[in-house]
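Visitor: curious how this folds, go ahead:
(chains A and B)
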Amino acid sequence: MSDASQIAAAPNLPRMDRTQVTVWAMALLPIAVLSVFYFYPLIRVLLISVTEPTPGFGNYIDIFTSSPVRKVLSTTLWICVVSSSISLMLGYLLAYAIVHATGRWQSWMLLAVLLSFWVSILIRAFAWIALLQTRGMVNETLQAIGLIDDPIRFIRNPFGVILGMVHYMIPYAVLPLMANMRTIDTRYVPAARGLGASPFGAFWRVFLPLSLPGLISAGILVFIFSIGFYITPALLGGGRTTMVAEYIALQVNETLAWGQGTALASSMLFVVFTLLIVLGRIVKFRNMFGAA
Amino acid sequence: MKNRRLSSDTETRVERFREMTDGKLVNRRTFMTVLAALGVSSTAFRVTPALAQGREIVLVNWGGDAVTAMTEAFADPFMQADPEYSVYVDGSGPSSGAVKSMVESGAVTWDVADRNMPASLELGRQGLLEEIDYTIVDRSKVRPEHAGQWGIGNYIFSNVISWDTTVFPDWEPAGWADVWNLADYPGTRTLRRHIDGQLESALMADGVAPEDLYPLDVDRALAKIAEIKENTIFWGSGSESQQLFRDREVVMGNVFNTRASVVRRETDAEIEFTYKQGIVWPGAWIVMKGNPAGSAVFEFIASTQDPAAQVVLFELLGNGPVNPEAASMVPDELKPLDPGSPENFAKQISADAEWYAENSAEVLNRYIETIS
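Guide: Below is the predicted model of the structure:
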């Protein structure tokens, strides 16, 4: 009722409110689609986690008591912390270099980051296998030039998983870091130098603190990503690096412990949303990827 | 004012999150499962005249070469004999999760699926399967242990020892103990990232006599697997196990006879395998509860018991005929590769479907923990 009268009266409303009506009208379809295909299944997942096999929070308690689950969670945690930290470190160096490069170079460097960003995760994992397997290009080259006698096992171990994950996550670290670094006034560091700071001192005491918001938001972002990795550990882990996403798939497809699987999935979602809320308090999302 | 900014922030956030996770968290099978859970199946999008609906039989298997092979061996002959029916082979993978979500959502589009005996017990006991109709399907065409309440043997496959003869020339493993013997036969091993047929091989390597295997001593088997896990790559899919041997990533391991025979052929027998101490599994047809084609599916299953059809499947795919009558019809040059031939069958151990149906879920999680 009131909606209809509002729309009818729209031409007389102040400009801001008309925009608001349009925005909501445009959002209606996505909201309807999301409700049917996203929120409804999600609610079912939540329900299964507290009803199967018996009603209650048993599945959530199992997360803390079941020893296979604890093993998988601890593997996930250490892989995620290590791969996020490395991504963040390399991403920081890259973003710093890109922001400080001259115009032409800057475009080329950004293009290189985006190119890797656009390549499918599956193709990247297979590319690493082709390069790094026992009879792969890297090992054969190293053997041919006599640097090593026996091939090095680069992949099908945790190292391979971390490598694949870092490769995927670096652009996600670079873009928000760049957006942040671009807002830092380029005259601050020379000013610090002019006041007698060493090159490292100027970076450490001036630039780094100013880039801290970017660092934190990029850190949370890549960590959120790292939790959900599925294909990379499956292909590059040699079967011995089981992360939580793969374990959930196992419970859903194989053991039919849907209660356990959905409880883990819901907990992951909870962790991700919590991190997103924290992230939302630090930085506005539209600024994160450089949008004005 | 404040409200509006908040809500548009939330939208951007949700949208961004969706974009970033697209294609990464959701793989195809999960998507299919979600579709099934919503009561939609990929087959629902196929355009089929309403009249033909009841006369179509959908067979679901694990995809790849198995789609064309089962079409040629089973579907085509059945359609020729009874042109009223069309048999459609769907390779989307009848995982337990997919079966459960399809049957529980009440939108059943599959009739018969290619699984194994333990799965037939596990799913059947949860009320997800139709019982095999032995008034139509012939019990006498399989060995007694291959005719179950909810599953009927459709072929035989084995977990076998495969090894690289270029690394170990003029040598043949005496059994699983050699696979575990890293001191005398160094090199990377491969085992399946699943318990089926792996626990048995570990126990035999540890000196358990084949006849004393069941019920499996899980602790002992896991301890034995832990012994070599640092030198082992655990394969996920059958094609991955082929790849590991083809690329010489591993020198010895536990793989399916079907995959081993393909690699053997490709490498001119540089990669060999033996049925010695192999673990034999019956693949089994299972029928979804409330399947659309009704009892007609059992006519189709009965037709797949024809030994000639099973030999065709063996020649195409390496899956051994489950009908003992078929063994003599296998061409002589292929007989050594047939896991169901009398001499090969005698060398192997029959997996205990009942044990797996009871214990698989819990032990699988422990196995994953052990190898991690």
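Visitor: what's the spacing between residue B:128 and residue B:110?
Guide: 11 Å (C-beta to C-beta, to the nearest Å). No exception for glycine: its C-beta is placed from N, CA and C like everyone else's.
Visitor: looking at those two, which is more packed in?
Guide: Per other C-beta atoms under 10 Å in any protein chain shown, whichever of residue B:128 and residue B:110 has more neighbours is residue B:110, with 27 against 22.
Visitor: helix or strand for that one, which one?
Guide: According to DSSP states H and E, residue B:110 maps onto no helix or strand at all.
Visitor: returning to what we had before: need the overlap of contacts for residue B:128 and residue B:110.
Guide: B:99, B:288 (C-beta atoms under 8 Å, 6 or more residues apart in numbering or on different chains).
Visitor: ranges for the strands of chain B?
Guide: Using DSSP state E, the strands of chain B run over residues B:56-60, B:86-90, B:112-116, B:129-130, B:151-164, B:189-192, B:232-235, B:252-256, B:271-288, B:349-350.
Visitor: mind listing what's buried in the longest one?
Guide: In this case it means strand B:271-288. B:271-275, B:277-288 (16 or more other C-beta atoms under 10 Å in any protein chain shown).
Visitor: list the contacts of residue 96.
Guide: Using chain A here. A:177, A:181.
Visitor: could you do chain B instead?
Guide: By C-beta under 8 Å, 6+ apart, the residues touching residue B:96 are A:253, A:254, A:255, A:256, B:119, B:122, B:123.
Visitor: gap between the residue lying closest to the fourth one once chain neighbours are set aside and residue B:234?
Guide: Among residues not flanking residue A:256 along the chain, residue B:96 sits closest, at 5.2 Å (C-beta to C-beta, 6 or more residues apart in numbering or on different chains). When distances are taken as C-beta to C-beta, residue B:96 and residue B:234 turn out to be 20 Å apart.
Visitor: equivalent analysis for residue B:73, please.
Guide: Residue B:73 is 31 Å from residue B:234, by C-beta to C-beta.
Visitor: again with residue A:43
Guide: In this structure, residue A:43 and residue B:234 are 36 Å apart, going by C-beta to C-beta.
Visitor: ok, those two, which is more surrounded?
Guide: residue B:234 (27 against 11).
Visitor: was I right about the more buried one contacting residue B:189?
Guide: No - using C-beta atoms under 8 Å as the test, residue B:234 is too far from residue B:189 to be in contact (9.6 Å).
Visitor: surely residue B:148 touches residue B:283?
Guide: No - between residue B:148 and residue B:283 there is no contact, the gap being 12.0 Å when judged by C-beta under 8 Å.
Visitor: residue of the stretch 1-150 of chain A nearest chain B, please.
Guide: When distances are taken as C-beta to the nearest C-beta, the stretch 1-150 of chain A reaches nearest to chain B at residue A:68, 3.9 Å away.
Visitor: you'd agree that residue is up against residue B:365?
Guide: Yes - with contact defined as C-beta under 8 Å, residue A:68 counts as touching residue B:365 (4.1 Å).
Visitor: of the two, who's got more company?
Guide: residue B:365 (25 against 21).
Visitor: so the more buried one makes contact with residue A:255?
Guide: Yes - applying C-beta under 8 Å, one finds residue B:365 in contact with residue A:255, separated by 6.7 Å.
Visitor: could you dump the strands of chain B to CSV with mean pLDDT and distance to residue B:360?
Guide: Shown next, in CSV, are the strands of chain B (pLDDT from 0 to 100; distance: least, C-beta to C-beta, whole Å):
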stretch, mean pLDDT, distance to residue B:360
strand B:56-60, 95, 21
strand B:86-90, 94, 25
strand B:112-116, 96, 11
strand B:129-130, 97, 16
strand B:151-164, 97, 15
strand B:189-192, 97, 13
strand B:232-235, 96, 17
strand B:252-256, 97, 17
strand B:271-288, 96, 13
strand B:349-350, 94, 16
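Visitor: out of these, nearest to residue B:243?
Guide: Set against residue B:243 and scored by C-beta to C-beta, these come closest in strand B:232-235, at 8.4 Å.
Visitor: check which helices and strands the closest one sits against.
Guide: With contacts defined as 3 or more C-beta pairs under 8 Å, 6 or more residues apart in numbering or on different chains; DSSP states H and E, the packing partners of strand B:232-235 are strand B:189-192, helix B:238-246, strand B:252-256.
Visitor: just put those in JSON lines and tack on distance to residue A:125 and mean neighbour count.
Guide: What follows is the helices and strands packed on strand B:232-235, written out as JSON lines (distance: least, C-beta to C-beta, whole Å; neighbours: other C-beta atoms under 10 Å in any protein chain shown):
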{"stretch": "strand B:189-192", "distance to residue A:125": "19", "mean neighbour count": "24"}
{"stretch": "helix B:238-246", "distance to residue A:125": "12", "mean neighbour count": "20"}
{"stretch": "strand B:252-256", "distance to residue A:125": "22", "mean neighbour count": "26"}
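Visitor: can you say which of the ones you listed is nearest to residue A:99?
Guide: Short answer: helix B:238-246, nearest of the helices and strands packed on strand B:232-235 by C-beta to C-beta, at 42.2 Å.
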